[in-house]
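Visitor: model the following, please.
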Amino acid sequence: MGAITYDMEITSSIPAGKLFKAFILDSDNLIPKILPQAIKSVEILEGDGGVGTIKVITFGEGSQFKSAKHRVDNVDKENLTYSYSIIEGDALIGVLESIAYHIKIVPTADGGSICKNRSIYNTKNDAQISEEKIKEGKEKAVGIFKAVEAYLQANPDAYN
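Guide: Here you go, the predicted structure:
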């Protein structure tokens, strides 16, 4: 099994704690509400939302994928970190064992935040994944992040 690691950072004017609540802790409810074309629904199969929880994400009509099974690997509300893995589904495009995501939201001096995201694509055997596929995934993640950010800017009392 090979691994391809990709790091990205997105800056935001939204305070770190508020962004963590919306983008991480309430994403199962918020994202289908504001972006149903991307994510139609999130259903917990087992667990309580904490470490070990297994969820099924059903993608919306705007997605090329149908669904993905997602496992929560870490939630640290104090340090604003969250890790999860996609462990099943067509989002693994037949060449990936899993995709691990590690997210940390860091406060900035101006009251905003930086969302740091590390994605680790674990390939089956010696399979390769194209830079284009990684870029597509990155662009979708940025789009979802920006939609959550816009929602918080338009609803300043949400998640206080």
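
Visitor: please make it C-alpha for all contacts and neighbour counts, starting now.
Guide: Noted.

Visitor: what helices and strands are in contact with the helix or strand hosting residue 106?
Guide: If you go by DSSP states H and E, residue 106 is part of strand 96-107. Here strand 96-107 touches helix 16-19, strand 81-89, strand 113-123, going by 3 or more Cα pairs under 8 Å, 6 or more residues apart in numbering; DSSP states H and E.

Visitor: how does it look with 10 Å?
Guide: Strand 96-107 makes packing contacts with strand 2-12, helix 16-19, strand 67-76, strand 81-89, strand 113-123 when contacts are defined by 3 or more Cα pairs under 10 Å, 6 or more residues apart in numbering; DSSP states H and E.

Visitor: residue 157: which of those is closest?
Guide: Checking these against residue 157 by Cα to Cα gives helix 16-19 as the closest, at 10.0 Å.

Visitor: low-scoring pLDDT stretches of this protein, where are they?
Guide: 1 (pLDDT under 70).

Visitor: what's the angle from the strand holding residue 106 to strand 81-89?
Guide: Angle, strand 96-107 to strand 81-89, by axes from the mean of the first three to the mean of the last three Cα atoms, to 10 degrees: 160 degrees.

Visitor: reformat the helices and strands packed on strand 96-107 as TSV; add mean neighbour count and distance to residue 136.
Guide: Formatted as TSV, the helices and strands packed on strand 96-107 follow (neighbours: other Cα atoms under 10 Å; distance: least, Cα to Cα, whole Å):
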stretch	mean neighbour count	distance to residue 136
strand 2-12	14	12
helix 16-19	22	23
strand 67-76	19	16
strand 81-89	20	16
strand 113-123	20	13
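
Visitor: and of these, who's closest to residue 51?
Guide: strand 67-76 (5.1 Å).

Visitor: just checking: what are the partner strands of the closest one?
Guide: In the sheet, strand 67-76 lines up against strand 54-59 (antiparallel), strand 81-89 (antiparallel) (DSSP bridges).

Visitor: and residue 12, which of those strands is closest to it?
Guide: strand 81-89 (16.2 Å).

Visitor: hey, C-alpha coordinates of that closest one in PDB?
Guide: These are the backbone C-alpha positions of strand 81-89, laid out as PDB (Å, rounded to 0.1, in the frame of the first residue of the first chain):
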ATOM      1  CA  THR A  81      -8.600  19.100  15.900                       C
ATOM      2  CA  TYR A  82     -10.600  16.400  14.100                       C
ATOM      3  CA  SER A  83      -9.600  13.400  12.200                       C
ATOM      4  CA  TYR A  84     -11.700  11.000  10.100                       C
ATOM      5  CA  SER A  85     -11.200   8.400   7.400                       C
ATOM      6  CA  ILE A  86     -13.300   7.400   4.400                       C
ATOM      7  CA  ILE A  87     -13.200   3.600   4.600                       C
ATOM      8  CA  GLU A  88     -15.800   2.500   2.000                       C
ATOM      9  CA  GLY A  89     -17.700   3.800  -1.000                       C
END
